[in-house]
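*Asks:* how does the following fold in three dimensions:
(4 chains)
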Protein chains: 2
Amino acid sequence: MAKRNVKSNVDMRETLLQLAARSFVTQGYTATTMRSLADQAGIEAASIYYHFSSKEELVEVVVAHGGDSIVLHIQEHLDALPPNASAETRFKAAVLGQMSALIKFGDYALAHGRLLAQLPDKAREGQVKRHEQNQRLWTQLLEGLRTEGMLRPDVDIALCRVFLLGCINSVQGWFNPRKGSLDQVAKQICGMFFEGVKPAAKARKVSRRAEAAASS
Amino acid sequence: MAKRNVKSNVDMRETLLQLAARSFVTQGYTATTMRSLADQAGIEAASIYYHFSSKEELVEVVVAHGGDSIVLHIQEHLDALPPNASAETRFKAAVLGQMSALIKFGDYALAHGRLLAQLPDKAREGQVKRHEQNQRLWTQLLEGLRTEGMLRPDVDIALCRVFLLGCINSVQGWFNPRKGSLDQVAKQICGMFFEGVKPAAKARKVSRRAEAAASS
DNA sequence: GTCTATAGATTGATAGAC
DNA sequence: GTCTATCAATCTATAGAC
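*Replies:* Numbering: from 1, shown residues only, chains lettered A, B, ... in the order given. Below is the predicted model:
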């Protein structure tokens, strides 16, 4: 039994990153002060500069970590599929991948999505590329669907993308793992996306369990 | 030909509100300084305090204006319908209403959506109610659809709402009025929402003009 | 690795002249 | 209504002791 500090400093750098991610996301970049982060970590503001050279470096690391996590996590889900998987299968895997990345990497993932506009100029440029990379991945997945005849000719791919990402990214705000699985929510989203919400000519009965996963 | 200032001060209060809305949305609340607003308006920072008692009052007015505009604008669209309009008709009118509110009130509308979390505590409480009012309106519209049998029993209303609002709210970011009308985009969104993106058993040909309205 | 002390810049806001 | 001048508070960041 060694030390027992406020945060039982196993790794102060990691602690600071997590606190920073949460604060940047909830309070914003400028509103987050080095002092408040230090307070929460149980150290003095000046001590942060032993771990990070500046506030700018701190936010860069947070946002980069978030962006990388999402892209890599989706890629993992895609790589796990057989090479001849259909566009629809790949699409569904990506939906689940992006959702679970949001849950798993929480504030980091949100930081990447919400913080870009607030970043200092230098830091922003590098991150924008990461963001565009994610957008391109989704555009490709949607184009794959179109090639395989899974998209009506009149639906716009760019519109689909914002439609989907807006929905998926909101998951982090309301998902409650005790009430249902991510898998069920992902299925509901894909169902809504492909089939719409209108009943088919012949009404059908489906499990309502996925419904319980949304709290609000 | 009276005065001709930097902003030709017809109404400095209005000018300040518009600049503040834009800056709050793009830079965030804390990052927006009274000095930068004054610079853009062509006056000194101290002069702002003749029009507003504090930075806090300034952001309150901006966010309130945005929230009211959206709710009232949708309500206008709904009130223009005949009293016996179907839930589907009301729903489509609300989609167009929220979209055109976003375009018409631009930064004010975005401020209401994006700034809530950054507001000082006192200002936030009042605004949260306005936000919930908007959410309730959409929930009611969706419940109306369900009552009239336009929603499959397995689709979750809360999920529908985030799905829709995420999509609609993104409109402000990419809509280009020279490439198409809001009406066309609204139709596409409603089509996607009700019918999904999957081709029907029997493929059909539809106009692609709406596709051109999205730029990115 | 963390502390105390403090420099240097910027912020929201006030007082009073015009 | 807008200005000049200024205050008190707070911020990022550095220097150097321990």
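*Asks:* number of nearby residues for the closest residue to chain B within chain A?
*Replies:* As assessed by CB to the nearest CB, chain B sits closest to residue A:166 within chain A, at 2.4 Å. Bear in mind the C-beta positions are built from the backbone N, C-alpha and C, glycine included. For residue A:166, the neighbour count with other CB atoms under 10 Å in any protein chain shown is 18.
*Asks:* sec struct for it, please.
*Replies:* Recorded secondary structure, residue A:166: helix (DSSP: H, G, I helix; E, B strand; the rest coil).
*Asks:* with the one 5 residues further on instead?
*Replies:* Secondary structure of residue A:171, reduced to three states by three-state DSSP: helix.
*Asks:* one more: residue A:39?
*Replies:* helix.
*Asks:* the residue of chain A closest to chain B against residue B:171, yeah?
*Replies:* No. If you go by CB atoms under 8 Å, residue A:166 and residue B:171 don't touch, sitting 10.5 Å apart.
*Asks:* in chain A, which segments are predicted with low confidence?
*Replies:* A:1-9, A:201-216 (pLDDT under 70).
*Asks:* related to what we said a few turns ago, OK, contacts around the residue of chain A closest to chain B?
*Replies:* B:162-163, B:165-167, B:169-170 (CB atoms under 8 Å, 6 or more residues apart in numbering or on different chains).
*Asks:* most neighbours out of those, which is it?
*Replies:* Going by other CB under 10 Å, residue B:163 tops these with 25 neighbours.
*Asks:* and it, what element?
*Replies:* helix B:157-174 (DSSP states H and E).
*Asks:* what's in contact with whichever helix or strand comes after that helix?
*Replies:* Downstream of helix B:157-174, the next assigned helix or strand under DSSP H and E is helix B:182-195. Helix B:182-195 is contacted by residues A:152, A:154-156, A:159-160, A:163, A:196-198, B:91-92, B:95-96, B:99-100, B:103, B:150, B:160, B:163-164, B:167-168, B:171, B:175, B:209-211, B:213-214 when judged by CB under 8 Å, 6+ apart.
*Asks:* doesn't residue A:130 make contact with residue A:64?
*Replies:* Yes. Applying CB under 8 Å, one finds residue A:64 in contact with residue A:130, separated by 7.2 Å.
*Asks:* give me the neighbour count for the closest residue to residue A:186 other than its chain neighbours.
*Replies:* In this structure, residue A:186 finds its nearest non-sequential neighbour in residue A:96, 4.4 Å apart by CB to CB, 6 or more residues apart in numbering or on different chains. Look at residue A:96: counted by other CB under 10 Å, it has 20 neighbours.
*Asks:* likewise for residue A:27?
*Replies:* Residue A:27: 17 neighbours (other CB under 10 Å).
*Asks:* correct me, but it touches residue B:118?
*Replies:* Yes. Using CB under 8 Å, residue A:27 is in contact with residue B:118, at 7.0 Å.
*Asks:* what is in contact with those two at once?
*Replies:* With CB under 8 Å, 6+ apart as the test, residue A:27 and residue B:118 both reach residue B:30.
*Asks:* for the contacts of residue A:166, give me a markdown table that also has distance to residue B:15.
*Replies:* Below are these laid out as a markdown table (distance: CB to CB, whole Å):
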| residue | distance to residue B:15 |
| --- | --- |
| B:162 | 35 |
| B:163 | 38 |
| B:165 | 31 |
| B:166 | 32 |
| B:167 | 33 |
| B:169 | 26 |
| B:170 | 28 |
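*Asks:* return the member of those nearest to chain A.
*Replies:* Using CB to the nearest CB, those come closest to chain A at residue B:166, 2.4 Å.
*Asks:* can you tell me the closest non-neighbouring residue to that closest one?
*Replies:* The nearest residue in space to residue B:166 (CB to CB, 6+ apart) is residue A:166, at 2.4 Å.
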